[in-house]
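Visitor: Give the three-dimensional model of this entry:
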Amino acid sequence: MTLLDTLSESTNKWEEWDRIKQERYGKKYEIVLGDEAPRIGSGFRIVYVKEGRKWAYMTSHSGDPDVRERKVRKRFRLKRWKEIEASHERYLKRNDPDEVARKLSRKRYRRVSKNT
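Guide: This next block holds a predicted model:
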């Protein structure tokens with residue numbers, strides 16, 4: 001078995017796990033959390049969210065979906081989840097690599113033009 005075969009099997013396993021998690025726990029989000037879900041943690045997290053009529057259930061689960069010890073859940077009111085989601089969208093927009101590069105290039109151009 002070559003390294004390429006091992007990587008291929010590993011990738012297939014992770015894709016299968018991701019599919020199972022999305023079926024069980026809802027839509028996958030790569031999100032930046034503050035102190036909204038202390039049991040899950042703060043910072044960049046990969047979570048799954050299933051929205052109901054009144055509640056949104058956030059699940060953080062690493063590794064094999066059949067191992068339940070790694071699963072951490074948090075329940076939010078739907079209104080609160082929408083606020084978190086909007087906050088994350090603002091974060092992504094503010095930290096868009098293309099936009100940041102464009103702002104930096106404008107600042108450099110201004111500095112050069114002021115000095116000349």
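Visitor: And the helix or strand harbouring Glu15, what does it pack against?
Guide: Assigned by DSSP states H and E, Glu15 falls within helix 3-25. Judged by 3 or more Cβ pairs under 8 Å, 6 or more residues apart in numbering; DSSP states H and E, helix 3-25 is in contact with strand 27-33, strand 43-51, strand 55-61. From N, CA and C alone the C-beta is placed, and that goes for glycine too.
Visitor: which of these is buried the deepest?
Guide: strand 55-61 (a mean of 19; mean count of other Cβ atoms under 10 Å).
Visitor: thinking again about what came up before, okay if I get the helices and strands packed on helix 3-25 as CSV plus mean pLDDT and distance to Ser105?
Guide: Output for the helices and strands packed on helix 3-25, formatted as CSV (pLDDT from 0 to 100; distance: least, Cβ to Cβ, whole Å):
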stretch, mean pLDDT, distance to Ser105
strand 27-33, 89, 25
strand 43-51, 91, 26
strand 55-61, 91, 37
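Visitor: do you know how far the closest residue to Lys27 other than its chain neighbours is from Val100?
Guide: Leaving out its chain neighbours, the residue that sits closest to Lys27 by Cβ to Cβ, 6 or more residues apart in numbering is Val49, at 5.7 Å. Going from Val49 to Val100 by Cβ to Cβ, to the nearest Å gives 27 Å.
Visitor: if we can go back for a sec, report the contact partners of the residue nearest to Lys27.
Guide: Neighbouring residues of Val49 by Cβ atoms under 8 Å, 6 or more residues apart in numbering: 25-27, 29, 56-59, 81.
Visitor: Could you rerun that using 7 Å?
Guide: Counting by Cβ atoms under 7 Å, 6 or more residues apart in numbering, Val49 touches 26-27, 29, 56-58, 81.
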